[in-house]
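Peer 1: quick one: sequence plus predicted model below, questions after.
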Amino acid sequence: MNLLKKDNALSLARLRDVLIRLEDTIIFALIERAQFALNECTYQPGVYEYEDGYKGSFLGYFLHEMEKVHSRVRRYTSPDEYPFTSPLPEPILPTLDFPPILHPNNINVNKDIMDRYLQDIVPKICTPGDDLNYGSSATRDVECLQALSKRIHYGKFIAESKFQDPAQQETYIRLIKAKDREGIMELLTNRTVEAALLRRLRRKAMIYGHDITEKGDIILDDDQNGNVSSKIHADVVVDLYERFVIPLTKEVEVDYLLKRLDGWQASEDTKAE
Ligand SMILES: O=C(O)C(=O)C[C@]1(C(=O)O)C=C[C@@H](O)C=C1
C-alpha cells in the first residue's frame, strides 16, 4: 500500500485486502523455507565468529546485516516496516514525508514474532536435521519473519481504522479510558472475518502447496488428507494463523488502542486552532 497517499489509507476493506495479499506472501515464504532442513546450528549463538565480535546466532548476524542495508535505504521510516535488530544506521536517502496516518507509538512485537517463529513454526515446517544450506535457510527465514512482521504490525492501521469509525469511536474511547483490555479485544474481534480467513487460507495452502497437472488439476498425494508429501501442510499454516498470527495482530491492535488517547486532546486542539 502506498502510505505516502492518505486517501482511503484507512478503509477497512482496503486494509483487509492487504492482509489477504500478505497471506500469499507468507504461505510462499514458508514453502520456500520448508525445502531446507531445520539447520539448528543457524539458530544457536556462538557457533561462528564474526569480524565485529557479534556473539549471537548466524540468523541474528544475517538479519542484522540485512537490516543495516535496508535501514540505509530508509525501509524502517515507513510506518508499516519494523526492524528486528538494533542499532541501525541512519538512511542515506532523504526523509520521506509520510502523512500522519497512525497515532505516534513505538509498538514493536518482533521479539515475540522471532520467539514463536523459532520455537513453533520452523520445527513444524522443516524436516529435522542438517543439510548444510545455512545461507539459503537463513535467507528464507528472513523472508518469513519480515512477512509475518508486516502482517502483524498492520494491526495498527486496522485499529486506527476501527477507532475512526464514527459508529464505534465513542465506545472505544470509553473502553480505552477504563483501560479495559478485554472489552477492547471483544469490540475489535470479528469472528466472521476470522472464520472466512481460515477457510480461505486452508484452500490457498492446499493449492499453493501442490503441483498441478498439465490440465490444471491438483496432484494430491495418496494419504487420506491429501497432504502428506505436499510442500507445506495446510493444517500447519491454518494452525499458525489461528494460534499465533491472528492473536498477535489483535494484541497489536489492543496495545495501539490503549495508547490511542495519549496526547490526543492536545493534538485535536492544535488541529482546531
Ligand atoms: O479484519 C479485521 O477486522 C482485523 O482486525 C484483523 C483480524 C486478523 O488478524 O485477521 C483480527 C481481528 C478480527 O477478529 C478479524 C481479523
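Peer 2: Everything's here; your move. Numbering: from 1, shown residues only.
Peer 1: wait, what's in contact with the residue in the chain that the ligand sits nearest to?
Peer 2: Nearest residue of the chain to the ligand (CB to the nearest ligand atom) works out as residue 249 at 3.7 Å. Yep, even glycine has a C-beta here, placed from its N, CA and C like the rest. Residues near residue 249 by CB atoms under 8 Å, 6 or more residues apart in numbering: 151-152, 154-155, 158.
Peer 1: could those be laid out in JSON lines, adding pLDDT?
Peer 2: Converted to JSON lines, the contacts of residue 249 look like this (pLDDT from 0 to 100):
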{"residue": "151", "pLDDT": "98"}
{"residue": "152", "pLDDT": "98"}
{"residue": "154", "pLDDT": "97"}
{"residue": "155", "pLDDT": "98"}
{"residue": "158", "pLDDT": "97"}
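Peer 1: filter those residues down to the ones in helices?
Peer 2: Among the contacts of residue 249, the residues falling in helices (DSSP state H) are 151-152, 155, 158.
Peer 1: among those, which are within reach of the ligand?
Peer 2: residue 158 (CB under 6 Å from any ligand atom).
Peer 1: any chance of the ones in helices among the contacts of residue 249 in a markdown table, plus neighbour count and distance to residue 202?
Peer 2: Shown next, in a markdown table, are the ones in helices among the contacts of residue 249 (neighbours: other CB atoms under 10 Å; distance: CB to CB, whole Å):
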| residue | neighbour count | distance to residue 202 |
| --- | --- | --- |
| 151 | 23 | 17 |
| 152 | 25 | 20 |
| 155 | 25 | 22 |
| 158 | 21 | 22 |
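Peer 1: wait, which of the ones in helices among the contacts of residue 249 is closest to residue 118?
Peer 2: residue 152 (15.6 Å; CB to CB).
Peer 1: surely the closest one is in contact with residue 248?
Peer 2: Yes. Proximity of residue 152 to residue 248 meets the contact threshold set by CB atoms under 8 Å, at 5.0 Å.
Peer 1: between the two, which contacts overlap?
Peer 2: Listed as contacting both residue 152 and residue 248 by CB under 8 Å, 6+ apart are 109, 113.
Peer 1: between the contacts of residue 249, which is nearest residue 119?
Peer 2: Using CB to CB, these come closest to residue 119 at residue 152, 16.1 Å.
Peer 1: and residue 212, what are its phi and psi?
Peer 2: Per-residue torsions, residue 212: phi -120, psi 160 (degrees, to the nearest 10).
Peer 1: residues in contact with the residue nearest to it when sequence neighbours are not counted?
Peer 2: Using CB to CB, 6 or more residues apart in numbering and skipping the chain neighbours, the partner closest in space to residue 212 is residue 218 (5.6 Å). Counting by CB under 8 Å, 6+ apart, residue 218 makes contact with 206-207, 210-212.
Peer 1: per-residue pLDDT, residue 207?
Peer 2: Reported pLDDT at residue 207 in the predicted model: 89.
Peer 1: separation between it and residue 179?
Peer 2: Using CB to CB, to the nearest Å, we find residue 207 at a distance of 44 Å from residue 179.
Peer 1: of those two, who's got more company?
Peer 2: The residue with more neighbours, out of residue 207 and residue 179, is residue 207; 12 against 9, by other CB atoms under 10 Å.
Peer 1: so how many other residues sit close to residue 41?
Peer 2: Neighbour count of residue 41, defined by other CB under 10 Å: 13.
Peer 1: got it, and the one 5 residues further on?
Peer 2: Around residue 46 there are 8 other residues, counting by other CB under 10 Å.
Peer 1: quick one: secondary structure of the nearest residue to residue 123 once chain neighbours are set aside?
Peer 2: Leaving out its chain neighbours, the residue that sits closest to residue 123 by CB to CB, 6+ apart is residue 38, at 6.5 Å. Following DSSP: H, G, I helix; E, B strand; the rest coil, residue 38 is assigned to coil.
Peer 1: nearest spatial neighbour of residue 134, skipping sequence neighbours?
Peer 2: Nearest non-adjacent residue to residue 134 (CB to CB, 6+ apart): residue 42, at 5.0 Å.
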